[in-house]
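**Student:** Predicted model follows, preceded by the sequence.
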Amino acid sequence: MRILSGIQSSGKQHLGNYYGAIRQFVAMQDQGEALYFIANLHALTTVRDPEAAATLTRETAMAFLALGLDPARAILFRQSDIPEITELYWILGTVVPLSNLDRAHSYKDKIARGISADFGLFAYPVLMASDILLYGSDVVPVGRDQVQHIEFARDWATKFNVQYVPGYDPADPTGKVSGRPGILRLPEAVVQESTAVIPGIDGQKMSKSYSNTIDLFADDAEIKRRIMGIKTDSTPVEAPKPLDAPLYQLLRVVLPPAEFVEVDRAWRAGGTGYGDFKKRLLAGYHATFDPARARYRALEKDPAEVDRILRAGAERARAVAAPIISRVRAAVGIER
Ligand code: ADP
Ligand code: TRP
């Protein structure tokens, strides 16, 4: 089984990224051939400062490594180190219906928020589909907000195969019956439902774009400030607390289950103030993330090692992509 996922280097990594994505990536590295990459080409749709683009790319790689990705098992690389990706992106784009891109969430949401769109944002799902299809991925672990993109990748792979593989039957994508498997393999999304949406300190979805994050690698003072700043209502100390509070949801994911059982009881019983619960969350955050935070600090001191890991990863990823891109080229009639 080939597992692939990517994370954009568009900002600092936060609890939502960990529980919604990175934790699952790390857990899956033992279940098959895992490829994980830093989507730094996607990030160019929002990061326009070259210094920041370079720094965030390296920080995202360090986050992966600090949080348990093992480069001896999983392949870790930068999207921009794979020239085949932009080649497939163009070729795939020739079979993508415009109507699909019009209804892509990534684009629609930004338009709805009044952000003027450029071609990069509009074409974002095509680049993402190419990321997935280039390596013949079987499963793609992602947050729930990314599922539409995986469905697009399946649809466009099917369109490509129908167009370019003689005898291809979309009802039989692996060619079991027809003996005509597709060139592009259809991926499956894997979403971890229990932690599907992590709330931010204001109660909206935690996101870099809403400035409501609790980061994984910010300094201690900043983490404390964020956690103490989590929005709460005016429920009195002695009363039971509401179960839809962002603080409660965060306690549920961050605390070890045994500890949460006890906190949950206090939450429902009343008699404990929000300030005390925030202190529990802060202690739980440090207990959970301090080992990774220490590894991150060590990697910061060794940028050459991070770079070496990424280069070696890119070489391995290109080897996985090579047979697939060469079949794509042959299928469309590009001699190389
Ligand atoms: P952001 O919204 O902060 O820009 P990204 O869009 O870069 O985050 O998301 C990177 C990964 O982390 C995706 O797989 C996404 O689904 C997941 N993710 C981001 N925020 C959350 C959240 N609040 N809850 C669960 N998963 C999240
Ligand atoms: N769009 C994804 C996100 O914002 C990142 C991404 C880019 C990705 N290419 C991918 C995820 C391919 C999975 C597979 O989170």
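**Tutor:** Nice, I can see it. Residues are numbered from 1 along each chain as shown. Ligands and ions are numbered 1, 2, ... in the order given.
**Student:** how near is Thr213 to Ile198?
**Tutor:** Distance of Thr213 to Ile198, given as CB to CB, to the nearest Å: 10 Å. In short, each C-beta sits where N, CA and C put it, glycine included.
**Student:** For the two, list the residues in contact with both.
**Tutor:** Taking CB atoms under 8 Å, 6 or more residues apart in numbering as the criterion, Thr213 and Ile198 both touch 15-16, 206.
**Student:** Out of those, which are close to ligand 1?
**Tutor:** Counting by CB under 6 Å from any ligand atom, 16, 206 from those sit close to ligand 1.
**Student:** of all the shared contacts of Thr213 and Ile198, which comes closest to ligand 2?
**Tutor:** Closest to ligand 2 out of the shared contacts of Thr213 and Ile198 is Gly16 (10.5 Å), distances taken as CB to the nearest ligand atom.
**Student:** show me what contacts that closest one?
**Tutor:** Gly16 touches 143, 197-198, 200, 205-207, 213, counting by CB under 8 Å, 6+ apart.
**Student:** Which member of those is positioned nearest ligand 1?
**Tutor:** Taking the contacts of Gly16 together and measuring to ligand 1 by CB to the nearest ligand atom, the closest member is Gly143, at 1.7 Å.
**Student:** quick one: pLDDT of the closest residue in space to the closest one that isn't next to it in sequence?
**Tutor:** Closest residue to Gly143 apart from its sequence neighbours, by CB to CB, 6 or more residues apart in numbering: Gly20 at 4.0 Å. pLDDT, the model's per-residue confidence, is 87 for Gly20.
**Student:** tell me which residues in the worst-scoring helix or strand of the chain on mean pLDDT are buried?
**Tutor:** The helix or strand of the chain with the lowest confidence, counting by mean pLDDT, DSSP states H and E, is helix 105-112 at a mean of 85. Within helix 105-112, the residues scored as buried using 16 or more other CB atoms under 10 Å are 106-107, 110.
**Student:** after it, next one along is what?
**Tutor:** Following helix 105-112 in sequence order, the next helix or strand is helix 119-133 (DSSP states H and E).
**Student:** Three-state assignment for Arg225, please.
**Tutor:** Following DSSP: H, G, I helix; E, B strand; the rest coil, the label given to Arg225 is helix.
**Student:** low pLDDT regions in the stretch 151-300 of the chain?
**Tutor:** 194-196 (pLDDT under 70).
**Student:** where along it do the strands fall?
**Tutor:** Assigned by DSSP state E, counting those that start in this stretch, the stretch 151-300 of the chain shows strands spanning 188-190.
**Student:** what does it put close to ligand 1?
**Tutor:** Residues of the stretch 151-300 of the chain lying close to ligand 1 by CB under 6 Å from any ligand atom are 197-198, 205-209.
**Student:** As TSV, those with distance to Ala287 and neighbour count would be great.
**Tutor:** TSV is the format used below for these (distance: CB to CB, whole Å; neighbours: other CB atoms under 10 Å):
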residue	distance to Ala287	neighbour count
Val197	23	14
Ile198	18	24
Lys205	25	17
Met206	20	24
Ser207	25	16
Lys208	25	18
Ser209	29	15
